[in-house]
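Engineer: return atomic coordinates for the entry below.
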Amino acid sequence: MYNFRILVASTLLLTCLSASADEIGTGSGTVGNVIDAGSYTYVQIKQQNLWIATTHLDIAVGEKIEFTGGMEMKDFYSKALDRSFESIIFVQNANKVGGVDNYHSSIDGKGLKNETVIAQSTQVKVPEPGEIEPLSGGMTVIGIVENASKLNEQVVSLRAKVIKVNPNIMGKNWVTLQDGTGTKPNNKLIATSDEMVSPGELVTASGVVRNNIDIGSGYKYEVLLEQAKFTQDVKVP
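Structural biologist: Numbers count the residues shown, from 1 in each chain. The predicted structure is shown next:
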């Protein structure tokens, strides 16, 4: 049911529960080269001799750039550019130093769905154990992760805090949820949805559990919550 190329693109900005990619924190430098391809901008940073990619960013050679929240992909092939990168970092947020943030819009795969934007530089505090009351009759992050094989293809619900949102990835919004249960790496759950939520919100999420999704090249998801629907509860500091 999964197309290999589509799912490779879907993983570009996501933190996987099990993946052979390296998370990158922050970085900055001078732009050495810029390539626009569709809704993405590929930027080469001179000082570090590296490439990053983000949603479209108006930036030119010689300008300063900074980025946060990246995922390094090795031996990545860009179909849009017909080019392979030995290493490239797909970042959540990139902006010109002294400029405005590069925001993202929600896309449903058919066109612009709404003008909701998310400041991806927003830092969200991870919930402490016991901070979020479990949903009555529902599940928890650790309960879903540890029982993914038994729950495969079942619809489940949970209450959790939105930690990160990566919108407009092949027509889906990718939402990282945590509720204070579990320990790394089993303390978060990634949900895919055509709905938009914001980092920091407390939501009730319902979706279909999918277990052991292998898209090749060493990239695997032990569990995803797909076709997720969200009901906002309250804003959590």
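Engineer: now the closest residue to residue 230 other than its chain neighbours: which helix or strand?
Structural biologist: Excluding the flanking residues, the one nearest residue 230 by Cβ to Cβ, 6 or more residues apart in numbering is residue 203, at 4.5 Å. (Glycine included, C-beta is placed from N, CA and C.) Assigned by DSSP states H and E, residue 203 belongs to strand 201-214.
Engineer: so what secondary structure elements neighbour that strand?
Structural biologist: Strand 201-214 sits against helix 148-151, strand 155-169, strand 172-178, strand 189-193, strand 219-235, with contacts defined as 3 or more Cβ pairs under 8 Å, 6 or more residues apart in numbering; DSSP states H and E.
Engineer: how many neighbours does residue 179 have?
Structural biologist: By other Cβ atoms under 10 Å, 29 other residues sit near residue 179.
Engineer: relative to its centre, which residue of the protein is most distant?
Structural biologist: residue 62 (28.7 Å; Cα atoms, centre = their mean).
Engineer: my read is that one is in a strand, agree?
Structural biologist: No. The assignment for residue 62 by DSSP: H, G, I helix; E, B strand; the rest coil gives coil, which leaves it out of any strand.
Engineer: and the gap between it and residue 95?
Structural biologist: Residue 62 sits 16 Å away from residue 95, going by Cβ to Cβ, to the nearest Å.
Engineer: re the thing from before, just put the helices and strands packed on strand 201-214 in JSON lines and tack on mean neighbour count and distance to residue 141.
Structural biologist: Converted to JSON lines, these look like this (neighbours: other Cβ atoms under 10 Å; distance: least, Cβ to Cβ, whole Å):
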{"stretch": "helix 148-151", "mean neighbour count": "15", "distance to residue 141": "11"}
{"stretch": "strand 155-169", "mean neighbour count": "22", "distance to residue 141": "6"}
{"stretch": "strand 172-178", "mean neighbour count": "23", "distance to residue 141": "6"}
{"stretch": "strand 189-193", "mean neighbour count": "25", "distance to residue 141": "5"}
{"stretch": "strand 219-235", "mean neighbour count": "18", "distance to residue 141": "10"}
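Engineer: distance to residue 84 added to the ones you listed, as TSV?
Structural biologist: Compiled in TSV, the helices and strands packed on strand 201-214 are given as follows (distance: least, Cβ to Cβ, whole Å):
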stretch	distance to residue 84
helix 148-151	33
strand 155-169	20
strand 172-178	24
strand 189-193	27
strand 219-235	16
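Engineer: mean pLDDT and distance to residue 55 for these - can I get that in a markdown table?
Structural biologist: As requested, those are exported to a markdown table (pLDDT from 0 to 100; distance: least, Cβ to Cβ, whole Å):
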| stretch | mean pLDDT | distance to residue 55 |
| --- | --- | --- |
| helix 148-151 | 96 | 30 |
| strand 155-169 | 87 | 7 |
| strand 172-178 | 89 | 13 |
| strand 189-193 | 92 | 17 |
| strand 219-235 | 82 | 21 |
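Engineer: residue 28 and residue 35, how far apart?
Structural biologist: For residue 28 relative to residue 35 (Cβ to Cβ), the value is 19 Å.
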